[in-house]
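A.B. asks: Give me a model of this one.
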Amino acid sequence: MEYFVNLLLIGVGAALIHNFVFYYFVGLCPFLGVSKRIDMAFGMGLAVTFVISIASTLSWLLTYYVLRPGAPVSSWIWSTLGGGSGEVNLTILSYLVYIFAIASSVQFVEMYVRKFFPPLYKSFGIFLPLITTNCAILFACLEIMKNVVGVEPAAMWGLDQALVLSLGGGVGFTIAIVIMAGIREELELSEIPEPMRGPGIVFIVAGILALAFMGFAGVDSALARLFKAGMS
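C.D. replies: Prediction:
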């Protein structure tokens, strides 16, 4: 039971409490650029969720088996090449490896959307390939690395925890961008002062939404206490 509670707290934390957009302020480029219509925003949210799930899976596998100090694959290759039995640490390559993993995931999603959803592909425009530079995805990969490298073996994240974080982060991004799209559709029918039209009112709304999401602070602790009381 404790195992599933920990997974639930990771997912809820990534989606609501520590929302990537409203808490860490990452992924703002597509959040602001593709939030003019709800249907387009929802499609972008699904695409980002799919990409972040694939990229996080690849990043965990590469971090655990290749990049971290003493990783089995890199250690085996090093000993095979006659480098001795010393510990190999390739974490310095993490940014480069993660960017390649994200780029390959985005390319796969772009091919899929272009093949099966041409209108959605056209509506995304330049923002679909720009998912490659969506810092929310790289942020998720780095969060996974933080919980794999330099931690005690008992506290090291597994692939299941990495997937829950990525899915929670993707769902949180989708929630954020769809809410913003709904508000922006209503703003088009409103009389906004001239100096605040365009990006100005969008940033103000984003700040208000970030303040609203601060109301979820402490929910994870309350849930943890609730489940702990239920299990005792």
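
A.B. asks: which other helices and strands contact the helix or strand hosting M145?
C.D. replies: For M145, the host element (DSSP states H and E) is helix 135-146. Using 3 or more CB pairs under 8 Å, 6 or more residues apart in numbering; DSSP states H and E, the elements in contact with helix 135-146 are helix 38-62, helix 94-116, helix 159-187. Every C-beta, even on glycine, is put in place using the N, C-alpha and C of the backbone.

A.B. asks: so how far is the first one from its chain's centroid?
C.D. replies: What it means is helix 38-62. Put simply, helix 38-62 sits 7 Å off its chain's centre (CA atoms, centre = their mean, to the nearest Å).

A.B. asks: Can you mark which positions in that helix are buried?
C.D. replies: Going by neighbour count (16 or more other CB atoms under 10 Å), the buried part of helix 38-62 is 38, 40-41, 43-60, 62.

A.B. asks: One more: the longest one?
C.D. replies: Within helix 159-187, the residues scored as buried using 16+ other CB under 10 Å are 161-181, 183-184, 187.

A.B. asks: Now do the helix or strand immediately after it in the chain against helix 159-187: the angle between them, please.
C.D. replies: The first helix or strand that comes after helix 159-187 along the chain, using DSSP H and E, is helix 199-213. On the basis of axes from the mean of the first three to the mean of the last three CA atoms, to 10 degrees, helix 199-213 is oriented at 130 degrees to helix 159-187.

A.B. asks: List the contacts of the helix or strand containing D220.
C.D. replies: In this assignment (DSSP H and E), D220 forms part of helix 219-231. With contacts defined as CB atoms under 8 Å, 6 or more residues apart in numbering, helix 219-231 is touched by 1-2, 5, 8-9, 12-13, 16-17.

A.B. asks: Buried residues in it, which are they?
C.D. replies: For helix 219-231, by 16+ other CB under 10 Å, it's 220, 223, 227.

A.B. asks: same question, stretch 199-212
C.D. replies: Buried-residue list, stretch 199-212, by 16+ other CB under 10 Å: 201-202, 205-206, 209.

A.B. asks: ok, and what's touching that stretch?
C.D. replies: Stretch 199-212 has contacts (CB under 8 Å, 6+ apart) with 21-23, 25, 28, 31-32, 35, 176, 179-180, 183-184, 187, 192, 196.

A.B. asks: tell me the average confidence for that stretch?
C.D. replies: Across stretch 199-212, pLDDT averages out at 91.

A.B. asks: and F117, what does it touch?
C.D. replies: With CB under 8 Å, 6+ apart, F117 has these contacts: G43.

A.B. asks: related to what we said a few turns ago, TSV for the buried residues of helix 219-231, including pLDDT and distance to I102?
C.D. replies: TSV is the format used below for these (pLDDT from 0 to 100; distance: CB to CB, whole Å):
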residue	pLDDT	distance to I102
D220	80	27
L223	81	31
F227	77	34
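
A.B. asks: so how far is N19 from the nearest residue to I17 once chain neighbours are set aside?
C.D. replies: Excluding its sequence neighbours, the residue lying closest to I17 (CB to CB, 6 or more residues apart in numbering) is F216, at 4.7 Å. Computed with CB to CB, to the nearest Å, the distance linking F216 and N19 is 8 Å.

A.B. asks: With L211 instead?
C.D. replies: 12 Å.

A.B. asks: returning to that earlier point: higher neighbour count, F216 and N19?
C.D. replies: N19 (26 against 17; other CB atoms under 10 Å).
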